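Student: Give me a 3D structure for the following:
(2 chains)
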Amino acid sequence: GAGVSQSPSNKVTEKGKDVELRCDPISGHTALYWYRQSLGQGLEFLIYFQGNSAPDKSGLPSDRFSAERTGGSVSTLTIQRTQQEDSAVYLCASSLGGGNTEAFFGQGTRLTVV
Amino acid sequence: KQEVTQIPAALSVPEGENLVLNCSFTDSAIYNLQWFRQDPGKGLTSLLLIQSSQREQTSGRLNASLDKSSGRSTLYIAASQPGDSATYLCAVPQAGNNRKLIWGLGTSLAVNP
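Tutor: Sure, this is the predicted structure:
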């Protein structure tokens, strides 16, 4: 696609429910990142995928968070048993990978846990 | 550990002014530095990327400079317009395999007509 696409753009969910956030990166980009932006805070790294390598999950805040990337393209971030502190904007970025780290971001998914 | 700081946190200027946003980083061994714009409720738009070997990059009314030795980058916006109102973020990739971006908290810019 022309840019990084994320869906849904907004999600309101009840505490305790599971949610899935989707990211469709730029075609041909091998690197994919998930970040979280909480109100009044900087962007927080969550997880990184590079090609077929094992993902770097070092930024995931708890075992309720998981992500996968199927076929080296679309990625899904899943949050189980959502908590109010999970409310944030979840941003996905992709880059060509290798030596090219220029990141292109999607519009984000605003998650509100009520 | 790399830390990125942006000053000022907020800036309000009248339309037409030239302005400078500052970004500093603690580890000068950076690979590159990227400036982004974020509009309220929106994602991030990449503005400029400066490679570590470069001193500056220009795009339209925007000019970004990089001084690795002093750990600083500036984003210069010429002849500011109300449409430039947004939050401006700078980020550097962390050294290592994942190259995750380390972020400043941003400068919130308001350009008043």
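
Student: how about low-confidence regions in chain B?
Tutor: For chain B, applying pLDDT under 70 flags the ranges B:97-98.

Student: Report the spatially closest residue to the residue sitting nearest the centre point of chain A, excluding sequence-adjacent ones.
Tutor: By C-alpha atoms, centre = their mean, chain A has its centre lying nearest to residue A:34, at 3.3 Å. Excluding the flanking residues, the one nearest residue A:34 by C-beta to C-beta, 6 or more residues apart in numbering or on different chains is residue A:46, at 4.2 Å. All C-beta atoms are positioned from the backbone trio N, CA, C, and that covers glycine.

Student: Tell me which residues touch the one you found, please.
Tutor: Residue A:46 makes contacts with A:33-36, A:59-61, A:65, A:67, A:77, A:90, as judged by C-beta atoms under 8 Å, 6 or more residues apart in numbering or on different chains.

Student: quick one: pLDDT of the residue nearest to the centre of chain A?
Tutor: Residue A:34 carries a pLDDT value of 96.

Student: That one reaches residue A:92, doesn't it?
Tutor: Yes - in this structure, residue A:34 is within contact of residue A:92 by C-beta atoms under 8 Å, at 5.7 Å.

Student: SS state for residue B:95?
Tutor: coil (DSSP: H, G, I helix; E, B strand; the rest coil).

Student: Tell me how many other residues surround it.
Tutor: 13 (other C-beta atoms under 10 Å in any protein chain shown).

Student: what does chain B have sitting close to chain A?
Tutor: Residues of chain B found near chain A (C-beta under 8 Å from any C-beta of the partner chain) are B:31-32, B:34, B:36, B:41-46, B:49, B:89, B:91, B:93, B:97-101, B:103-106.

Student: Which of these fall in strands?
Tutor: Among the residues of chain B next to chain A, the members found in strands (DSSP state E) are B:32, B:34, B:36, B:44-46, B:49, B:89, B:91, B:93, B:101, B:103.

Student: Get me the contact residues on chain A for chain B.
Tutor: With C-beta under 8 Å from any C-beta as the criterion, chain A comes near chain B at residues A:4, A:6, A:31, A:33, A:35, A:41-43, A:45, A:48, A:50, A:56, A:58-59, A:91, A:93, A:101-108, A:110.

Student: Weed out the non-buried ones from the residues you listed.
Tutor: Among the residues of chain A next to chain B, those buried by neighbour count (16 or more other C-beta atoms under 10 Å in any protein chain shown) are A:4, A:6, A:31, A:33, A:35, A:42-43, A:45, A:48, A:50, A:56, A:59, A:91, A:93, A:101, A:103-108, A:110.

Student: So which of the residues you listed belong to strands?
Tutor: Under the assignment DSSP E, these contribute A:6, A:31, A:33, A:35, A:43, A:45, A:48, A:50, A:91, A:93, A:104-105, A:110 to strands.

Student: What distance do you get for the residue sitting furthest away from the middle of chain A to residue B:101?
Tutor: The centre of chain A is farthest from one residue, residue A:99, which by C-alpha atoms, centre = their mean lies 21.6 Å away. Distance, residue A:99 to residue B:101, by C-beta to C-beta, to the nearest Å: 15 Å.

Student: For the contacts of residue A:46, work out which two are farthest apart.
Tutor: A:33 and A:61 (15.3 Å; C-beta to C-beta).

Student: nearest to residue A:16, of the ones in strands among the buried ones among the residues of chain A next to chain B?
Tutor: Using C-beta to C-beta, residue A:110 comes nearest to residue A:16 of those, at 19.2 Å.
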